[in-house]
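S.K.: Next one to model:
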Amino acid sequence: MKSPIMKRIPWGGGASAALCLFYVLSRHDVLGGWHGMKSWPLYIFVFGLIAIVIAALTLSRKVMICVPVGYMIGFLSAWLFNTDGVDPGGGLLNDGWIIWTVSFLAIILVGIVWELIKKRTAKTADESPAL
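M.R.: Numbers count the residues shown, from 1 in each chain. The predicted structure follows:
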């Protein structure tokens, strides 16, 4: 039987590798040329790595799946739905970073709720009397 740490390594490593791949694609010229942001992709990436570590420590596989998926879906959502504007002082604005962040956090929240529901239903199934 595998030790608890051995169950966490493949899931955490896989989720981290996928997140790293999406970060590289979104940060550099492959896909990152359209948004022009240098720091924000890194901030979201670091937050995602922290979320993966916490999920690995609690063996929350659904959350580990949702972090890299949320990063990429958030990026694609921002790419598709961003709008440009001008602030009152004449500076250029773009709401892509807001769309990316909100989408990313929402998908992580979906993973947390999914994991909680899974654990609650498993606990309820264990407590129900056998027929």
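S.K.: was I right about Ala56 contacting Val67?
M.R.: No: Ala56 lies out of contact with Val67 (CB atoms under 8 Å); the separation is 10.4 Å. All C-beta spots, glycine's among them, are computed from the backbone N, C-alpha and C.
S.K.: For these two, indicate the residue with more neighbours.
M.R.: Just comparing Ala56 and Val67: by other CB atoms under 10 Å the higher neighbour count belongs to Val67, 25 against 22.
S.K.: Number of residues surrounding the closest residue to Ser103 other than its chain neighbours?
M.R.: Closest residue to Ser103 apart from its sequence neighbours, by CB to CB, 6 or more residues apart in numbering: Gly74 at 3.6 Å. Residues near Gly74, counting by other CB under 10 Å, number 26.
S.K.: shared neighbours of Ala56 and Val67, which are they?
M.R.: Contact criterion CB atoms under 8 Å, 6 or more residues apart in numbering; residues bridging Ala56 and Val67 by contacting each: Ala15.
S.K.: and the longest helix along the chain, what other elements does it pack with?
M.R.: Assignment by DSSP state H gives helix 96-127 as the longest helix of the chain. On a contact count with 3 or more CB pairs under 8 Å, 6 or more residues apart in numbering; DSSP states H and E, helix 96-127 meets helix 40-57, helix 61-81.
S.K.: State the mean pLDDT of it.
M.R.: Average pLDDT, helix 96-127: 90.
S.K.: Could you give me the buried positions within it?
M.R.: For helix 96-127, burial by neighbour count (16 or more other CB atoms under 10 Å) applies to 96-97, 99-101, 103-104, 107-108, 111-112, 114-115.
S.K.: next one: it to chain centre, how far?
M.R.: Here helix 96-127 is found 11 Å from its chain centre; the criterion is CA atoms, centre = their mean, to the nearest Å.
S.K.: Right, I'll call it a day here.
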